[in-house]
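Undergrad: here is a sequence together with a model predicted from it:
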Amino acid sequence: MIAQAHLASLSGWCKTSRLRSEECAISVFPAFQRSAAARAGMERHADITEVLFSEQNIKTRVAEMGQQLASDYQHKQPLVLGVLSGSFIFMADLVRCIQPPPSGLHVDFARAQSYAGKATWSSGEVHTIMGKLPIQNRHIILVEDIVDSGQTTKNLIIGLKKAGVASCALVALLNKTSRRVENVDVALQGFECPDKFVVGYGLDFDEEYRSLPFIGVLRPECYS
């Protein structure tokens, strides 16, 4: 009887967790239930050769990530620190999906740059500007749009640890391990990204394509 009751309880928890993710996706993203034809129409762009992660894929996964963070940081008063500029859309959606929000959850941004202008590969020289909120003894959720070479991210993490944070967990929408130069631990990722130049959902090339609702592969002639 106890085992049956436990299984019933576990089943109910899983169902509730799934429903929360779905509810978050629908409430945070008003177009979550947009028709397939409408979504397909938005996912056409002359400069995009392939859609890797559709608007629907992203919404569903971000909702799941938010639920995971809500569970992991329930009693830790986290500071969610987004890395500008690429993470701003992902960051906004993710924070709204951290439900129920942990007590003391704060949001701030940092800026770190290892690309310049039309560059497609990290230079290795990283310039960092931290956010304005105190970070000492805080549990940091570091939010990146994409972890590529890892040079920018590693520099940020080193700076955070020197500042005396209680912990630092890296959360990335995309994890491109094929281009990794520095060893960085991604605690929570949205998707594994192939070795292709991607744009959309906040990711850009020369400040273009950020507003695309999906993540796609940019035509080589656009950046070569």
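TA: Arrived safely, thanks for sending. Residues are numbered from 1 along each chain as shown.

Undergrad: lowest average confidence across helices and strands of the protein, where is it?
TA: helix 36-42 (a mean of 47; mean pLDDT, DSSP states H and E).

Undergrad: contact partners of stretch 161-168?
TA: Outside stretch 161-168, the residues that touch it by Cβ atoms under 8 Å, 6 or more residues apart in numbering are K76, M130, I135, Q136, N137, R138, H139, I140, L142, I157, L160. For every residue, glycine as well, the C-beta is placed using N, CA and C.

Undergrad: and the residues you listed, which is closest to S149?
TA: Within the contacts of stretch 161-168, proximity to S149 (Cβ to Cβ) peaks at I157, which comes in at 13.8 Å.

Undergrad: can you pull the contacts of the closest one?
TA: L142, C168, L170, V184.

Undergrad: and if we set it to 7 Å?
TA: Residues counted as contacts of I157 (Cβ atoms under 7 Å, 6 or more residues apart in numbering) are L142, C168, V184.

Undergrad: pLDDT weak spots in the chain?
TA: 1-23, 25-43, 113-129 (pLDDT under 70).

Undergrad: between the contacts of I157, which is closest to L212?
TA: Nearest member of those to L212, counting by Cβ to Cβ, is L142, at 24.1 Å.

Undergrad: list the beta-bridge partners for the closest one.
TA: L81, L170 (DSSP bridges).

Undergrad: just F109 next, same as before
TA: For F109, the beta-bridge partners under DSSP bridges are G82.

Undergrad: this structure: strands as residue ranges?
TA: Remark: strands assigned in the chain by DSSP state E are 48-53, 79-84, 106-113, 127-129, 139-147, 167-175, 186-192, 198-199, 215-218.
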